[in-house]
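A.B. asks: Fold the following and give me the result.
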Amino acid sequence: MQFSQNVHEQTKWGVVLLALMGSLLLFGCDRQKQAPLPPPPVPEVATVTVQPQQMVLTTELPGRTSAYRIAEIRPQVSGLIQKRLFTEGSDVQAGQVLYEIDPSHFQAALDNAKAALGKAEANLPSIRLRVERYRELLPDKAVSQQEFDDAAAAEKQNQAEVEFWKAMVETARINVGYARVTAPISGRIGKSTVTEGAIVTAYQPVAMATIQQLDPIYVDLPQSTTELLRLRSRMEDGRLKHDGTNQKKVNLLLEDGTAYSSEGTLQFRDVTVDSTTGSVILRVVFPNPKGLLLPGMFVRAVVKEGVNEQAILIPQQAVSRDPKGNPLALIVGAEGKVQQRMLTLDRAIGDQWLVTSGLAEGDHVIVEGLQKVRAGASVKEVPFAAASASQPASKSN
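C.D. replies: The predicted model follows:
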């Protein structure tokens, strides 16, 4: 009897416990119905507004320096070197005597020619007088026509001999002058290949020394024909405009990356294509008063291509790629929705991309927060703080 009573009490308390649990569950369900979960927050993105600007586009080309003028010193007469009158590696002036060749042989030839000329000139007056006398006697038949003709011929022969020896005197005088080898140009002279006592021959194949004019100096830049055709196409399409005389100004970067202090001037573009490299040569002239640039140095030149009146630049971090590698950007539309734009890029300028198609003035390009959004999503837009501080590397007007 006692056992039955205990079972009854336990059953009663179990029912009460179940009722309480049910009430709690119902209360919880009511609270969930009364307080729904808040919607997820709208992602925040940083954007820049596309503003076309005028910009001078440049291209960087490798090149090598070469002397403005080169003169290889060779003797014009044969002989023995008596003196060398310059210091190797020094600057020389045009007309400065560099070598002296033994002139005794040439001086003797000059003296001999002068003597022969004097002899010929001494005989000429008497022959002329004879011709004049024969001409006066010829009408009276005092002399024969043959005698007169012989005298006239002797006069012409003697006159020709005088002219011949005048030429020989001038030749000998020139050879005496050639015994002093002078500098044809001003510049820096290199090492001498001959010393005192050496025998040289006229117009020998080996130069005695070489003079190079280094101020100004040339810089030769190879430009591919592909890039040349692309540049002409941009000019014809109106995407680039010629900048007049300013476009001929060229800046230079030295081998260690430092900028050269003076600007150069584009002199000409060669019309012959190198068949091995597929490029043409651009020749630029740079002032070189301090002699910093030496022939054969490798340099890089910044050449102006033209002016882009409507250049669109966006930060490089705003551009992503699709699975095929095509560039794209995300923009924020008028309703705060994200849109995807496929781009055509021209080149990198500093930390920005130059965009040729895909964007228009006023577009809001997403720079930060790309990982949080996709096309069609709503976003909250804030200005990109670094956009105002970022400046393109290329010069703009």
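A.B. asks: switch to C-alpha atoms for all contacts and neighbour counts from now on
C.D. replies: Fine.
A.B. asks: how about the residue nearest to Pro315 when sequence neighbours are not counted, what does it touch?
C.D. replies: Counting by C-alpha to C-alpha, 6 or more residues apart in numbering, Pro315 lies nearest to Gln352, which is 4.3 Å off, once chain neighbours are set aside. Contact analysis of Gln352 by C-alpha atoms under 8 Å, 6 or more residues apart in numbering lists Leu313, Ile314, Pro315, Gln316, Pro392.
A.B. asks: beta partners of Gln352?
C.D. replies: Assessed by DSSP bridges, Gln352 has beta-bridge partners Pro315, Ile349.
A.B. asks: So it versus Asn175, what's the distance?
C.D. replies: The spacing between Gln352 and Asn175, counted by C-alpha to C-alpha, to the nearest Å, is 68 Å.
A.B. asks: Could you do Gln223 as well?
C.D. replies: With distances taken as C-alpha to C-alpha, Gln223 is found 48 Å from Asn175.
A.B. asks: What of Phe164?
C.D. replies: Phe164 sits 17 Å away from Asn175, going by C-alpha to C-alpha.
A.B. asks: Looking at the two, which one has more neighbours?
C.D. replies: Neighbours were counted for Phe164 and for Asn175 using other C-alpha atoms under 10 Å; Asn175 has more, 20 against 15.
A.B. asks: Verify the contact between the more buried one and Val77 for me.
C.D. replies: Yes. The pair Asn175 / Val77 is scored as a contact, 6.7 Å apart, by C-alpha atoms under 8 Å.
A.B. asks: who touches both of those two?
C.D. replies: Taking C-alpha under 8 Å, 6+ apart as the contact rule, Asn175 and Val77 touch no residue in common.
A.B. asks: Please, where are all the helices along the stretch 251-397 of the chain?
C.D. replies: Taking DSSP state H, counting those that start in this stretch, the stretch 251-397 of the chain contains no helices at all.
A.B. asks: What of the stretch 1-150 of the chain?
C.D. replies: Using DSSP H, counting those that start in this stretch, the helices of the stretch 1-150 of the chain run over 2-34, 104-137, 145-178.
A.B. asks: Who are the packing partners of the last one?
C.D. replies: Looking back up the chat, that one is helix 145-178. When contacts are defined as 3 or more C-alpha pairs under 8 Å, 6 or more residues apart in numbering; DSSP states H and E, helix 145-178 packs onto helix 104-137.
A.B. asks: Go again with 10 Å.
C.D. replies: Applying 3 or more C-alpha pairs under 10 Å, 6 or more residues apart in numbering; DSSP states H and E, one finds that helix 145-178 contacts strand 97-101, helix 104-137.
A.B. asks: Reformat these as JSON lines; add mean pLDDT and mean neighbour count.
C.D. replies: What follows is the helices and strands packed on helix 145-178, written out as JSON lines (pLDDT from 0 to 100; neighbours: other C-alpha atoms under 10 Å):
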{"stretch": "strand 97-101", "mean pLDDT": "96", "mean neighbour count": "21"}
{"stretch": "helix 104-137", "mean pLDDT": "89", "mean neighbour count": "16"}
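A.B. asks: Can you lay out the ones you listed as CSV showing distance to Pro323?
C.D. replies: Putting those into CSV (distance: least, C-alpha to C-alpha, whole Å) gives the following:
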stretch, distance to Pro323
strand 97-101, 71
helix 104-137, 85
